[in-house]
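Undergrad: What follows is a protein structure lacking sequence information:
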């Protein structure tokens, strides 16, 4: 298993994974019913450096996504609908970029998505409906 697969396995087993300094903390959400298997602990130890890098990436990617979402929320005109094929395409690209592990790609996709949304918002405010 690679780091991403181990994190997904923890998720499926209702185990939270946190970075604590240079360590990894595992916590079973339902320890009586679903304790952390010793073999999973060993696999996490064996892939510790990869998991730490993955957790760092996920934290940075989540922060970028949250910042973008906040910028769009501030600019979003009431009543404006982004439910278009172009928006769906942007969302699919965003999903792929998020999981790619490439923060530069994610940044580029977020910028393109925001650019598109802001164009739609400007057109909505001016009364133009075809963007």
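TA: Noted; the coordinates are in hand. No experiment lies behind these values; they were computed from the predicted model shown. Residues are numbered from 1 along each chain as shown.

Undergrad: Tell me how far the host helix or strand of residue 65 lies from the chain's centre.
TA: Take DSSP states H and E as the rule and residue 65 turns out to sit in helix 48-75. Here helix 48-75 is found 6 Å from its chain centre; the criterion is C-alpha atoms, centre = their mean, to the nearest Å.

Undergrad: And for stretch 88-103?
TA: That offset, for stretch 88-103, works out to 9 Å (C-alpha atoms, centre = their mean).

Undergrad: What lies in contact with that stretch?
TA: Identification of contacts with stretch 88-103 by C-beta atoms under 8 Å, 6 or more residues apart in numbering yields 54, 57, 60-61, 64-65, 105-106, 108-110, 112-113, 116. No exception for glycine: its C-beta is placed from N, CA and C like everyone else's.

Undergrad: how about that stretch: buried residues?
TA: Buried residues in stretch 88-103, defined by neighbour count with 16 or more other C-beta atoms under 10 Å: 90, 93-94, 97-98.

Undergrad: Tell me the one of the residues you listed nearest residue 127?
TA: Lowest distance from residue 127 to the buried residues of stretch 88-103 (C-beta to C-beta) belongs to residue 90, with 23.3 Å.

Undergrad: now whichever strand or helix holds that closest one: mean pLDDT?
TA: Taking DSSP H and E as the criterion, the element that holds residue 90 is helix 85-100. Mean per-residue pLDDT for helix 85-100: 96.

Undergrad: Low-confidence ranges, the protein, go.
TA: Across the chain, the ranges flagged by pLDDT under 70 are 128-131.
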